[in-house]
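**Student:** sequence below, structure please.
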Amino acid sequence: MSVSLQMAKDQIRVRHNDEDALIMGYVVASLAWLERYCGDNYDVYAPELDQAQLLLIAHWYENRSTVDSGNVIPREIPFAVEALAGPFRLPTIA
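**Tutor:** Residues are numbered from 1 along each chain as shown. The predicted structure is shown next:
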């Protein structure tokens, strides 16, 4: 199951329609990210994967750059997507 536009808007608390295209882009991109991350195992439905997708969408919406510039020293912004999706990831050979 993929997250819907409305589910994503509820997660990031957006009530207007002005950014629907942007948010839908995050929905599509987050699904693609999780499919690549988990491989063929993404076909298994698990609520953890929906939550991981919602967290990824919120992360991208709220942090539209790769670093948190609010700090004196920029740092990478951590998020829990890998923790939720990790158990569903198939092993890969490098």
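**Student:** can you check what pLDDT the model gives the residue nearest in space to the middle of the chain?
**Tutor:** Centrality entry for the chain: nearest residue to the mean C-alpha point is Leu56, 1.9 Å, by C-alpha atoms, centre = their mean. What the model reports as pLDDT for Leu56 is 92.
**Student:** that one should be in a helix, yeah?
**Tutor:** Yes: assessed by DSSP: H, G, I helix; E, B strand; the rest coil, Leu56 belongs to a helix.
**Student:** let me see the contact set for it.
**Tutor:** Each residue near Leu56 by C-beta atoms under 8 Å, 6 or more residues apart in numbering is listed here: 26, 30, 33-34, 79, 81. Any C-beta I mention is one placed from the backbone N, CA and C, and that applies to glycine too.
**Student:** quick check, nearest of those to Trp60?
**Tutor:** Proximity of those to Trp60, judged by C-beta to C-beta, is greatest for Tyr26, which lies at 5.0 Å.
**Student:** so what's the residue count around that closest one?
**Tutor:** By the other C-beta atoms under 10 Å criterion, the neighbourhood of Tyr26 contains 22 residues.
**Student:** that one and Leu56, how far apart?
**Tutor:** Between Tyr26 and Leu56 the distance, using C-beta to C-beta, to the nearest Å, works out to 8 Å.
**Student:** Leu84 contacts Gln51, doesn't it?
**Tutor:** Yes: with contacts defined as C-beta atoms under 8 Å, Leu84 counts as touching Gln51 at a distance of 5.7 Å.
**Student:** out of these two, which sits in the busier spot?
**Tutor:** Using other C-beta under 10 Å, the more surrounded residue of Leu84 and Gln51 is Leu84, with 21 against 16.
**Student:** backbone phi and psi for Asn17, please?
**Tutor:** Backbone dihedrals for Asn17, given as degrees, to the nearest 10, come out at phi -100, psi 0.
**Student:** are we agreed that Val3 is in a strand?
**Tutor:** No: membership of Val3 in a strand is not supported by three-state DSSP, which gives coil.
**Student:** so how far is Met7 from the residue nearest to it when sequence neighbours are not counted?
**Tutor:** Closest residue to Val3 in three dimensions, ignoring its sequence neighbours and counting by C-beta to C-beta, 6 or more residues apart in numbering: Gln53, at 4.7 Å. Relative to Met7, Gln53 is positioned 9 Å away (C-beta to C-beta).
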